[in-house]
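**Student:** sequence first, predicted coordinates after that:
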Amino acid sequence: MDKDRIVGSAKEFAGRAEGAVGDLAGDAQAQASGKAREAAGTVQNLYGQAKDAVRDAGETAAGYAKDAYDKPAETLRDGSQAIAKKVQDNPLGALLIAGGIGFALALLMSRPARRPPPRWRYYG
């Protein structure tokens, strides 16, 4: 758990308490200050949650990459099986995708080479 989440939750709680005290005392400034502190705490808490989510996603991706590196044949077999299942489930979609990829490759390969612009020399 990220420290921003803890600090944000504490600020949010303190803001609620300050707002409640402002409500009881009828102090508009304390109410506004409490709302501002509560909002700041909520933002900091959400920031901490986002940092946790990014950290978890990075660790998960690193774990997948390590597994793929440690067991390349198994990873290739699993990927091939997943692709074969997708093709079996939707053969028309797979055919359209393969045709689109072939068309794009044909366009890239049949394109004439780029020529540099001519160099004109002006003598004057």
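**Tutor:** Looks like it arrived, so ask away.
**Student:** what about Gln44, neighbour count?
**Tutor:** By the criterion of other C-beta atoms under 10 Å, Gln44 has 21 neighbours. For glycine as for every other residue, the C-beta is placed from the backbone atoms N, C-alpha and C.
**Student:** which ones are touching it?
**Tutor:** Counting by C-beta atoms under 8 Å, 6 or more residues apart in numbering, Gln44 makes contact with Asp4, Arg5, Val7, Gly8, Lys11.
**Student:** what distance do you get for the fourth one to Ala36?
**Tutor:** Between Gly8 and Ala36 the distance, using C-beta to C-beta, to the nearest Å, works out to 14 Å.
**Student:** more crowded one of these two?
**Tutor:** Gly8 (21 against 13).
**Student:** which ones are touching the more buried one?
**Tutor:** Contacts of Gly8 by C-beta under 8 Å, 6+ apart are Ala40, Gly41, Thr42, Val43, Gln44, Asn45, Leu46, Tyr47, Gly48.
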